[in-house]
Structure formats: C-alpha cells, structure tokens
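# let me see the structure of the following:
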Amino acid sequence: MNLPNKLTLARILLVPFFVAALLIDFPLNNLAALLIFIAASLTDMLDGKIARKQGLITDFGKFADPLADKILVISALLCFVQLGLCDCVAVIIVLFREFAVTSIRLIAASKGKVIAANMWGKVKTVTQMVSIICVITMQLVLDLMPLGVPLPCVLPTVFYYIGEALIWISTFFALLSGVIYIAQNKQFILDF
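Next up is the predicted model:
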C-alpha cells in the first residue's frame, strides 16, 4: 500500500477519536476535536498531492479518498446535530447526496469503471471541512471564555447562526456538486 492510500486510511482511523473528543465532555475536548479534525483534513490534502506528484494514483485511492471524506464529514455533522449545533435537514440533504453519488460509483465499479472526484466534489469537501472547523473553533472560544473573560450573552446565539450559515453554504455546494455529478455520469444510471 502506497503512502497516499495510507494517509486515506489514517483519515478514516482518526474518525472515532474525533467523535469521542467532540462528544465526551472533558477539559478542552473541543480543542482536541479541532486538532484531530484538522489533522484528518490535512491528510486529505496531502494524499492527493503526493499521489499526483509521484504518480501513485490508484483505483483504490480514487474510491477510498472520497469515501474517507464522507465518513469524516458526516460523522462531524451528525455529532453537531446531537450537540444542537446543526439543523438535521442539512445533514439529510448531505446524506442523500452522498448515497446518490456513492450508488453511481458502485454501478460504475460493477462495469469496471472508477469515477474520480470532480472539481465540484472538491469544492464541496473544502467548504464542508472549513465550516466544520469554524463551528468547532467557535465552540472552543465559548469554552475558553468562562476562564476569566466575561461572556457576552449574545455570543452563543451569534456563533450558532454563523455556524448554521456555514453549514448551509456547504450543504448548497454538496447539492450542487451532486447534481453535476449525476448529470456527468447519467449513462451509468440509464444503462443500469
């Protein structure tokens, strides 16, 4: 197994630690969750760069890399729903998009074709990861405020709405990229 594929697997293996850090209440748990999520996000950036630069692109990487992104992002969004930081409708839209795209990929794979992520899928992933990082960072700020800085009573509400806006922006790009992906690969649906 080459280095890019190992980085992809590392991203998947970081997910349970990220979820635990986000959901288990301990001192600076949001800091731990943030650092783990950033580390996992960096593996996404590095695996692709290394694979392209060193000619290590594999069918496994084309399939596993987007799957690892989905596992990481959906885990974060589901945790946000549980923590009251995200509207479940946004998560349902993202899940629907991911199931639709993955279904097309599986149909293509059954015909011996591997469909790599397109530019819009990359935009979707970046906006999702940035929005998740921002939401966790805002929670970390709220965690640190009681350590001596008076907490303005409107700050949690403002952070909530900023987080919601960011999640919905990333949901828009998820929907857009899904529609584009389906349109570009409709032959697999029509031939099925």
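
# tell me how far whichever strand or helix holds Ala10 is from the chain's mean position?
Element membership for Ala10 (DSSP states H and E) is helix 3-23. Relative to its chain's centre, helix 3-23 lies at 12 Å (Cα atoms, centre = their mean, to the nearest Å).

# same for that helix, what does it pack against?
Packed against helix 3-23, as judged by 3 or more Cβ pairs under 8 Å, 6 or more residues apart in numbering; DSSP states H and E, are the following elements: helix 29-53, helix 59-83. All C-beta spots, glycine's among them, are computed from the backbone N, C-alpha and C.

# save the ones you listed as a markdown table, and put in distance to Val19 and mean neighbour count too.
Converted to a markdown table, the helices and strands packed on helix 3-23 look like this (distance: least, Cβ to Cβ, whole Å; neighbours: other Cβ atoms under 10 Å):
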| stretch | distance to Val19 | mean neighbour count |
| --- | --- | --- |
| helix 29-53 | 8 | 18 |
| helix 59-83 | 5 | 20 |
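
# and the angle for the helix holding Ala10 with helix 59-83?
Following axes from the mean of the first three to the mean of the last three Cα atoms, to 10 degrees, one obtains 10 degrees for the angle between helix 3-23 and helix 59-83.

# just the CA coordinates of helix 3-23, formatted as PDB?
Provided in PDB are the C-alpha atoms of helix 3-23 (Å, rounded to 0.1, in the frame of the first residue of the first chain):
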ATOM      1  CA  LEU A   3       1.700   6.500   1.100                       C
ATOM      2  CA  PRO A   4      -1.300   8.300  -0.200                       C
ATOM      3  CA  ASN A   5      -3.500   5.300   0.500                       C
ATOM      4  CA  LYS A   6      -2.100   5.000   4.000                       C
ATOM      5  CA  LEU A   7      -3.000   8.700   4.600                       C
ATOM      6  CA  THR A   8      -6.500   8.000   3.400                       C
ATOM      7  CA  LEU A   9      -6.800   5.100   5.800                       C
ATOM      8  CA  ALA A  10      -5.300   7.200   8.600                       C
ATOM      9  CA  ARG A  11      -8.100   9.800   8.000                       C
ATOM     10  CA  ILE A  12     -10.700   7.000   8.500                       C
ATOM     11  CA  LEU A  13      -8.900   5.800  11.600                       C
ATOM     12  CA  LEU A  14      -9.000   9.300  13.100                       C
ATOM     13  CA  VAL A  15     -12.800   9.500  12.900                       C
ATOM     14  CA  PRO A  16     -13.600   7.600  16.200                       C
ATOM     15  CA  PHE A  17     -11.100   9.700  18.100                       C
ATOM     16  CA  PHE A  18     -12.600  12.900  16.600                       C
ATOM     17  CA  VAL A  19     -16.100  11.800  17.500                       C
ATOM     18  CA  ALA A  20     -15.100  10.900  21.100                       C
ATOM     19  CA  ALA A  21     -13.300  14.200  21.600                       C
ATOM     20  CA  LEU A  22     -16.300  16.100  20.300                       C
ATOM     21  CA  LEU A  23     -19.000  14.200  22.200                       C
END
